[in-house]
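Peer 1: Pasting a predicted model and its sequence here:
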Amino acid sequence: MTAIKPPALSFTEARLRGIVESAMDAIITVDEAQRIVLFNAAAESVFGCPREQAIGSSLSRFIPERFRGDHEAHVQRFGEAGVSSRRMGSQRIVLGLRSDGQEFPIEASISHVSEDGHRFYTVILRDVTQRWLAEKALSASREEVREFALAASTAREQEKSRFARELHDELGQALTALKIDVSWLRESLMGAPDAVKAKLAAMQLLLDGTVAAARRISSDLRPLMLDDLGLAAACDWLAENFRSRTGLACELVLGEGDLDLPDPWATAVFRVLQESLTNVTKHSGATQVEVTLVRVAGEVVLTVHDNGRGFSISDPRKPGSQGLTSLRERASLLHGTAIVESTPGRGTLIELRLPVRDAEERR
């Protein structure tokens with residue numbers, strides 16, 4: 001005798017079947033042996049496989065061969081995990097395999113139910129090829145922009161270096177020669193009228209100030225010791241210059257290992273330290289600064305910590321203030337990170353991390 005389904009149940013099944021068939025996402029259900037028992041119209045379109053050929057076949061036919069073993073183990077662990085559903089491939093791209101052998105990226109979720117002692121797994125997936133291509137193009141575009149910005153930054157630093165060296169070597173030497181000549185005149189004209197002596201003395205003072213200004217401008221543009229003596233010596237000079245200029249305590253700790261990086265890594269570290277100390281002078285009201293520069297686990301790490309007034313990271317940025325943005329930009333150009341931590345009344349910590357594997361290849 002054949003059992004007759006209640007009308008309500010038949011209507012529910014028909015409605016559910018209609019929902020599954022009209023869904024825009026591919027829906028596939030497999031049994032415990034991972035044999036396909038449901039394959040909707042969207043799945044036919046996505047995989048290019050008629051339903052009649054898919055039903056009863058193994059799900060592995062739609063998975064690239066190199067992933068089949070791992071997939072079966074993942075599904076088994078999912079069934080034993082005690083959760084009813086989860087997203088697949090949340091940490092990486094999941095690939096499907098069309099009937100014509102073409103691989104394509106998918107976004108999928110999996111769930112399971114038990115019926116009459118048997119377990120069934122349902123996968124809902126969508127083809128995200130267009131999104132993946134768009135993200136890939138966007139990533140390539142960002143990399144091109146980053147490389148262009150890095151090249152522009154390097155060109156600026158090279159021009160600053162050239163100008164600083166010309167100031168130091170040519171203008172500096174000329175001013176030094178003038179100082180010697182004025183000193184000679186003062187000694188040779190000891191019996192000259194007082195007005196002449198006063199004028200020569202004023203010329204001497206003006207030349208001294210001009211020489212000092214030329215040296216300061218040259219150092220601000222780019223300290224020659226960064227190119228001549230390396231990063232460690234340049235950072236030591238920067239800390240000493242900060243102490244003498246501000247009167248604040250500044251402790252510099254250089255870690256072990258090779259800290260003399262090539263450009264543009266050396267320039268990035270130096271500029272971040274320079275800008276950080278400038279921010280301390282302008283904004284922090286600190287009395288002490290601690291600077292550490294170490295190389296660890298394939299990274300060079302610079303930290304600058306002051307005991308100043310601090311600030312709230314969430315506060316709106318002051319108009320025209322680009323200091324912290326500049327730090328992050330310098331870091332991102334070299335695939336690094338710049339972290340700023342600050343709390344009102346508890347000072348500010350700036351940490352720069354730059355991967356240096358590429359730097360080794362540049363040597």
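Peer 2: That came through fine. What you see is a predicted model; the values in this text were computed from it and never measured.
Peer 1: Could you give the number of residues near the nearest residue to Leu38 once chain neighbours are set aside?
Peer 2: Excluding its sequence neighbours, the residue lying closest to Leu38 (Cβ to Cβ, 6 or more residues apart in numbering) is Thr29, at 3.7 Å. Quick note: C-beta positions are derived from backbone N, CA and C, even for glycine. Per other Cβ atoms under 10 Å, the neighbour tally for Thr29 reads 20.
Peer 1: what do you get for Phe104?
Peer 2: 14.
Peer 1: related to what we said a few turns ago, show residues contacting the stretch of helix or strand the residue nearest to Leu38 belongs to.
Peer 2: Element membership of Thr29, judged by DSSP states H and E, is strand 26-30. Strand 26-30 is contacted by residues 20, 36-40, 42-43, 45-47, 54, 59, 62, 120-127 when judged by Cβ atoms under 8 Å, 6 or more residues apart in numbering.
Peer 1: in its sheet, what does it sit against?
Peer 2: Partners of strand 26-30 in the sheet, by DSSP bridges, are strand 36-39 (antiparallel), strand 118-127 (antiparallel).
Peer 1: Which entries within the contacts of strand 26-30 meet the buried criterion?
Peer 2: Neighbour counting by 16 or more other Cβ atoms under 10 Å classes 20, 36, 38-40, 42-43, 46-47, 54, 59, 62, 121-127 among the contacts of strand 26-30 as buried.
Peer 1: Going by length in residues, pull out the top helix of the protein.
Peer 2: When the chain is parsed with DSSP state H, its longest helix is helix 129-166.
Peer 1: Report the buried residues of the next helix-or-strand element following it.
Peer 2: Note on helix 129-166: by DSSP H and E, the next helix or strand toward the C-terminus is helix 172-188. Burial within helix 172-188, assessed by neighbour count using 16+ other Cβ under 10 Å, is assigned to Gly172, Leu175, Leu178, Lys179, Val182, Leu185, Arg186.
Peer 1: Dump the residues you listed into a markdown table; add pLDDT as well.
Peer 2: Formatted as a markdown table, those follow (pLDDT from 0 to 100):
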| residue | pLDDT |
| --- | --- |
| Gly172 | 73 |
| Leu175 | 81 |
| Leu178 | 84 |
| Lys179 | 82 |
| Val182 | 83 |
| Leu185 | 84 |
| Arg186 | 83 |
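Peer 1: just curious, which of those is nearest to Gly230?
Peer 2: Nearest to Gly230 among these is Gly172, at 22.0 Å by Cβ to Cβ.
Peer 1: Sheet-wise, list the partners of the strand ranked longest in the chain with their directions.
Peer 2: Determined from DSSP state E, the single longest strand within the chain is strand 103-115. Neighbouring strands of strand 103-115 in its sheet, by DSSP bridges, are strand 85-88 (antiparallel), strand 94-97 (antiparallel), strand 118-127 (antiparallel).
Peer 1: Any chance of CSV for those, columns mean pLDDT and distance to Ala140?
Peer 2: As requested, the strands paired with strand 103-115 are arranged in CSV below (pLDDT from 0 to 100; distance: least, Cβ to Cβ, whole Å):
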stretch, mean pLDDT, distance to Ala140
strand 85-88, 60, 26
strand 94-97, 90, 20
strand 118-127, 88, 21
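Peer 1: Out of those, the one nearest Ala286 is which?
Peer 2: Short answer: strand 85-88, nearest of those by Cβ to Cβ, at 47.4 Å.
Peer 1: And the average pLDDT for stretch 252-269 is what?
Peer 2: When pLDDT is averaged over stretch 252-269, the result is 86.
Peer 1: If we go by neighbour counts, what in it is buried?
Peer 2: In stretch 252-269, counting by 16+ other Cβ under 10 Å, buried: Leu252, Leu254, Leu259, Leu261, Pro262, Asp263, Pro264, Trp265, Ala266, Thr267, Ala268, Val269.
Peer 1: repeat for stretch 227-247
Peer 2: 227, 230-239, 241-242.
Peer 1: Mind checking which of the residues you listed land in helices?
Peer 2: Asp227, Leu231, Ala232, Ala233, Ala234, Cys235, Asp236, Trp237, Leu238, Ala239, Asn241, Phe242.
Peer 1: so which of these comes closest to Glu135?
Peer 2: Nearest to Glu135 out of these is Leu231 (Cβ to Cβ; 36.4 Å).
Peer 1: Please report how far that closest one lies from Asp263.
Peer 2: Using Cβ to Cβ, to the nearest Å, one gets 10 Å for the distance from Leu231 to Asp263.
Peer 1: Now do the contacts for Ala297.
Peer 2: So Ala297 contacts nothing (Cβ under 8 Å, 6+ apart).
Peer 1: got any ranges where the stretch 101-250 of the chain has weak pLDDT?
Peer 2: Applying pLDDT under 70 to the stretch 101-250 of the chain flags residues 164, 168-169, 219.
Peer 1: let's see it at 50
Peer 2: For the stretch 101-250 of the chain, applying pLDDT under 50 flags no range at all.
Peer 1: Mean confidence (pLDDT) on the helix or strand encompassing Glu21, please.
Peer 2: For Glu21, the host element (DSSP H and E) is helix 7-22. Mean pLDDT, helix 7-22: 69.
Peer 1: what does stretch 274-284 give?
Peer 2: The model assigns stretch 274-284 a mean pLDDT of 87.
Peer 1: What of stretch 56-72?
Peer 2: Mean predicted confidence for stretch 56-72 is 87.
Peer 1: Give me the contact list for that stretch.
Peer 2: With contact meaning Cβ under 8 Å, 6+ apart, stretch 56-72 is reached by 28, 30, 34-37, 47, 49, 95-98, 103.
Peer 1: how long is it end to end?
Peer 2: 17 Å (Cα to Cα, to the nearest Å).
Peer 1: Could you do stretch 294-310 as well?
Peer 2: Note: stretch 294-310 ends 25 Å apart using Cα to Cα.
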